[in-house]
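Student: Following is a predicted model, sequence given first.
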Amino acid sequence: MRYLNFKKKEGFTLVELLVVIAIIAMLSVTSIAGFTQYRRTALLDFAVDSITSQMYAFKDKSLHTNQCYKVVFDEGIKGFSGEYSKLKVPDGVLILNLDDQKWKSEGCTESIYKEVRFEIDDKITIVSITDDKGSVLSDLSMEFEPPNGKIIASTTDGELSDNEDVVIVLRYGEADLEKYTRTIKINLLNGQIDKKQ
């Protein structure tokens, strides 16, 4: 009787390779979905932080540079605009600051603003702008006036009172999912800005 001498073959079988490829495919699909969700929330958070920091910067600049600054929000746009006065002393009332014996202006006029556009991601839009009572505000404009950084908020319907809060809602994409929505609440009396997820 003759024995066949088979050499032991080393390597993977086709079934083993297919199982490994299937596992890698499932892991990559899961990680891509997680990355996409992370990217959306990170872009939303970045947009909220950008708006908040720009508003705080404008308020601070109005205190120290004796210029007027304004932030303008329009519902449905892909960004917001900031404006600043071209002149060091805007048209308004000049007052003498007794602490440092310097003249400072109080108040601003419309005609001296220069616009600077701040873009946020293309997929992020301003969904709504409301007051604390839920009334819809259109074309919100917030001026930061020297010398104390006082906020004067107005819309196409008129000026808002100091004791109101303004609520701005941002959303990523078209779907109305709460996890892709952020809210900015601005207190007009003290300029405090709260961010909510």
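Tutor: Thanks, I have it.
Student: Now tell me which helix or strand of the chain has the poorest mean pLDDT.
Tutor: When each helix and strand of the chain is scored by mean pLDDT, DSSP states H and E, strand 93-97 comes last, with a mean of 48.
Student: number of nearby residues for L188?
Tutor: Per other CB atoms under 10 Å, the neighbour tally for L188 reads 20. C-betas here are computed from N, CA, C, even on glycine.
Student: Over to the one 5 residues further on?
Tutor: Around I193 sit 18 other residues, with neighbours defined as other CB under 10 Å.
Student: Check L43 too.
Tutor: The number of residues packed near L43 is 18, by other CB under 10 Å.
Student: Local confidence estimate at it?
Tutor: In the predicted model, L43 carries a pLDDT score of 91.
Student: can you check the one 3 residues further on too?
Tutor: The score at F46 is 91. That number is its pLDDT.
Student: Spell out which residues sit in contact with it, please.
Tutor: Taking CB atoms under 8 Å, 6 or more residues apart in numbering, we find F46 in contact with I120, D121.
Student: Quick one: classify it as helix, strand or coil.
Tutor: Under the three-state scheme (DSSP: H, G, I helix; E, B strand; the rest coil), F46 adopts helix.
Student: From T183, how far out is it?
Tutor: 15 Å (CB to CB, to the nearest Å).
Student: Please apply the same query to S53.
Tutor: According to CB to CB, S53 and T183 sit 17 Å apart.
Student: Give me the more crowded residue out of these two.
Tutor: A side-by-side neighbour count of S53 and T183, using other CB under 10 Å, places T183 first with 15 against 11.
Student: for this protein, what spans make up the strands?
Tutor: Counting by DSSP state E, residue ranges of the strands within the chain are 69-73, 79-85, 93-97, 102-106, 113-119, 124-131, 140-145, 150-155, 158-159, 165-172, 181-187, 193-196.
Student: Out of those, flag the one nearest A25.
Tutor: strand 165-172 (27.3 Å; CB to CB).
Student: Partner strands of the closest one and their direction?
Tutor: Strand 165-172 sits in its sheet next to strand 124-131 (antiparallel), strand 181-187 (antiparallel), going by DSSP bridges.
Student: What is the burial count for the closest residue to G173 other than its chain neighbours?
Tutor: Once flanking residues are discounted, G173 sits nearest to K123: 5.4 Å by CB to CB, 6 or more residues apart in numbering. By other CB under 10 Å, 16 other residues sit near K123.
Student: returning to what we had before: now the strands of the chain in CSV, with distance to R39?
Tutor: Shown next, in CSV, are these (distance: least, CB to CB, whole Å):
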stretch, distance to R39
strand 69-73, 24
strand 79-85, 19
strand 93-97, 48
strand 102-106, 44
strand 113-119, 17
strand 124-131, 12
strand 140-145, 28
strand 150-155, 33
strand 158-159, 39
strand 165-172, 9
strand 181-187, 15
strand 193-196, 19
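Student: Ok, which of those strands comes nearest E10?
Tutor: strand 165-172 (51.4 Å).
Student: pLDDT of the closest one, averaged?
Tutor: On average, strand 165-172 scores 89.
Student: Noted, bye for now.
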